[in-house]
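In: sequence and predicted structure below; questions after.
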Amino acid sequence: MDHSIRKLVWVSGLLAAASFVYVLVFSPVPDQRARARAAAAGERDQAPERWSAAELDRSFRTAFAQCRYRAADRISKEMVEQYTHQPVSWFNRALAMEKLEREHEAFNAWSTLMHQIGSMPTANDRMAAHAAYYRGWAMRGMGDGDQSTGQFVEAVDRYEQSLGGREPMMGDAYNLACYASLAGQTDRAIGYWERALATGYSDSGAWWTMDPDLDPIRRDGRFNEIARRYRFIE
């Protein structure tokens, strides 16, 4: 009787080990790149699970940077459907509509973004900086360029305050370069752009080449010189 039990336990253990090996070796592994391609192509059936806002935003930026504005249109539409209350959804939607010269839809997206700002949390300097940034873009999109500049200046100041005296690194420096660029603070923006690259900022999707935040300083000769120095461009 004891021998039979030992034999049963041994066989069960062997089968469990075999099952583990099968799952580990033969089961399919989700391909994140395939998900991004599916989003850009508008093929929702290839990714039945709900995508996060961050995943959709990355896919949007990749499409936008590659000037695939039809794909950016589809992705931004998905964002406003799934994440209606997130400002980035309407921000991306407005950018796509402007590139496609659908001015009425762009204006509506900017207006919706402005409405969203009212419910954005501003409990600390970082949140307040982001709110000012989106508010500035919404104002600019609706034709109030003078007021928008003041919002971008506020965004820079509040973001710097959020660092508590620390030097910005990578992503923070990039964001500050964007905010200062929009605020018309060219030298300050160029300094932060160099700081971002010097501290290891990377951008595999090449968003920086088309990021509208950087348009004001992209014409400055120092911008590409710094990019070449850190091998962002040849």
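Out: Sure thing, it's come through.

In: C-alpha only now, for contacts and for neighbours.
Out: OK.

In: what values do phi and psi take at the nearest residue in space to residue 188 that is not next to it in sequence?
Out: Here the nearest residue to residue 188 in space, its sequence neighbours aside, is residue 180; by Cα to Cα, 6 or more residues apart in numbering that works out to 6.3 Å. Residue 180 adopts backbone torsions of phi -70, psi -40, taken as degrees, to the nearest 10.

In: residue 180 and residue 233: what is the separation?
Out: Noted for residue 180: a distance of 22 Å to residue 233, by Cα to Cα, to the nearest Å.

In: thought the residue nearest to residue 188 was touching residue 191?
Out: No. Using Cα atoms under 8 Å, residue 180 is not in contact with residue 191, being 9.7 Å away.

In: before we move on, the earlier item: residues near the residue nearest to residue 188, how many?
Out: Residue 180 is flanked by 30 other residues according to other Cα atoms under 10 Å.

In: and if you look at residue 102?
Out: Other residues within reach of residue 102 by the criterion other Cα under 10 Å amount to 12.

In: now the one 4 residues further on
Out: Around residue 106 there are 24 other residues, counting by other Cα under 10 Å.

In: residue 182 too?
Out: Counted with other Cα under 10 Å, the neighbours of residue 182 add up to 28.

In: contacts only, for it.
Out: 149, 152, 213, 214, 216 (Cα atoms under 8 Å, 6 or more residues apart in numbering).

In: thank you, goodbye.
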